[in-house]
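J.: What would the 3D arrangement of this be:
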Amino acid sequence: MGWRPALRDPRAALSDARRGPAARVLGPADLAAARRVCAADPVASVLAAARIDVADRSGLAAAGGELWGFPASGPLEAVCWAGANLVPVVPAALGPRTVDEAVTAFAAAARVQGRRSSSIVGDRAVVQRLWGLLSRVWPAPREVRTDQPSLVIDRDPDVAPDPGVRRSRATELELVLPACVRMFTEEVGYSPVAAGGGAYAARVRSLIAEGRSYVRVAEDPDGGATVVFKAELGAVAGGVAQVQGVWVDPARRGEGLSIPGMAAVVALARRDVAPTVSLYVNAYNAPALAAYRRVGFEQVGTFSTVLF
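T.: Predicted coordinates:
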């Protein structure tokens, strides 16, 4: 289910403060403060910070969601992006009591709004506490991924980049989109274009246009071209580029494409986009974890994702 705007006034209370901690809807005047909250941990907050940057450039409506802040009044201590994904940003430095109050306030806001997001994603401790509160009233998820190491590299990769990996070209949507659909279906369990897929195709087109789509193209048996490796920078903010959608054609797996391919993505992203490259991966995906560590990624935290 896609996110739908709630059409609330900025600074409106999202829960009854008399019943517990409350959050508020943030408006344009709050975006600088929200960005400062995210800056406390740019890697963990990059998903939310990227939407805040879009809101700052083009307005909250264009960013496709709503931004909540805690506490309900006074200086911001935590924020939560509520759009296609629900992304809480609650700095651990606030201390256990304040962290719990912020998460409780965001859970109350999410109960008021109802489930409009397709996932909850972020720091594991925060997401697990948030989902523990929402699971009582929201429908059952398709899957809960509780252990997703958050990995970072902010230097040259440890292996030579694949010289065949490059940015996707503006004319290559019809080449790149099928690979993206196959990756998404394999990873999430359903096709993003099953019901038409216009929004998904637009997203892929946007990533290509912004220079955030990377591919390795090879000749197929019919003499045409096919994508054998691909990745995107799904979120960029605060000097961090988060890699998403890493995929190798199943017919080419075992040929050693992933490690030099990821090294190339790191090198190109650090040269052109942001000095720090991050990603998160399911802990049970041992081959992917080993490949990322071979490239030079190091774990700095742990994410969790609740998928609907």
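J.: show me where the stretch 201-308 of the chain has strands.
T.: Remark: strands assigned in the stretch 201-308 of the chain by DSSP state E, counting those that start in this stretch are 213-219, 225-237, 240-248, 276-280, 298-307.
J.: Distance to Pro163 and mean neighbour count added to these, as TSV?
T.: Bear in mind the C-beta positions are built from the backbone N, C-alpha and C, glycine included. Converted to TSV, the strands of the stretch 201-308 of the chain look like this (distance: least, CB to CB, whole Å; neighbours: other CB atoms under 10 Å):
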stretch	distance to Pro163	mean neighbour count
strand 213-219	10	20
strand 225-237	12	22
strand 240-248	17	22
strand 276-280	18	25
strand 298-307	25	18
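J.: Figure out which of these is closest to Ala125.
T.: With CB to CB, the closest approach to Ala125 among the strands of the stretch 201-308 of the chain belongs to strand 298-307: 8.3 Å.
J.: List the contacts of the closest one.
T.: Contact partners of strand 298-307, identified using CB atoms under 8 Å, 6 or more residues apart in numbering, comprise 41, 43-44, 118-124, 127-128, 131, 141-153, 188, 278, 280.
J.: repeat that for 7 Å
T.: Residues outside strand 298-307 that contact it (CB atoms under 7 Å, 6 or more residues apart in numbering) are 43-44, 119-124, 127-128, 131, 141-152, 280.
J.: follow-up on the earlier one: out of the strands of the stretch 201-308 of the chain, which is closest to Leu289?
T.: strand 298-307 (9.0 Å).
J.: could you give the mean pLDDT of the closest one?
T.: Mean pLDDT, strand 298-307: 98.
J.: got it, and stretch 46-57?
T.: Stretch 46-57 comes out at a mean pLDDT of 97.
J.: Please list the residues outside it that contact it.
T.: Residues from elsewhere that reach stretch 46-57 (CB under 7 Å, 6+ apart): 31, 34-35, 38, 42, 62-63, 65, 67, 79, 81, 83, 85, 87, 89, 121, 235-238, 240, 242, 278.
J.: Turn the strands of the stretch 201-308 of the chain into TSV, including distance to Pro71.
T.: Below are those laid out as TSV (distance: least, CB to CB, whole Å):
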stretch	distance to Pro71
strand 213-219	40
strand 225-237	24
strand 240-248	27
strand 276-280	29
strand 298-307	24
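J.: closest to Pro192 out of these?
T.: The closest of the strands of the stretch 201-308 of the chain to Pro192 is strand 240-248. By CB to CB, the value is 11.0 Å.
J.: Low-confidence bits of the stretch 1-150 of the chain, can you list those?
T.: For the stretch 1-150 of the chain, the stretches flagged by pLDDT under 70 are 1-18.
J.: returning to that earlier point: please list only the buried members of the contacts of stretch 46-57.
T.: Neighbour counting by 16 or more other CB atoms under 10 Å classes 31, 34-35, 38, 42, 63, 65, 67, 79, 81, 83, 85, 87, 89, 121, 235-238, 240, 242, 278 among the contacts of stretch 46-57 as buried.
J.: In helices only, show me the residues you listed.
T.: Secondary structure from DSSP state H places 31, 34-35, 38, 63 of these in helices.
J.: and stretch 30-49, how far from the chain's centre?
T.: Distance of stretch 30-49 from its chain centroid, counting by CA atoms, centre = their mean, to the nearest Å, is 13 Å.
J.: Flag every buried residue along it.
T.: 30-31, 34-35, 37-38, 40-49.
J.: From the chain's centroid, how far away is the helix or strand encompassing Ala125?
T.: Assigned by DSSP states H and E, Ala125 belongs to helix 124-134. Its chain's average C-alpha position is 17 Å from that of helix 124-134, according to CA atoms, centre = their mean.
J.: ok, then the element right after that helix?
T.: Per DSSP H and E, the first helix or strand lying C-terminal to helix 124-134 is strand 143-153.
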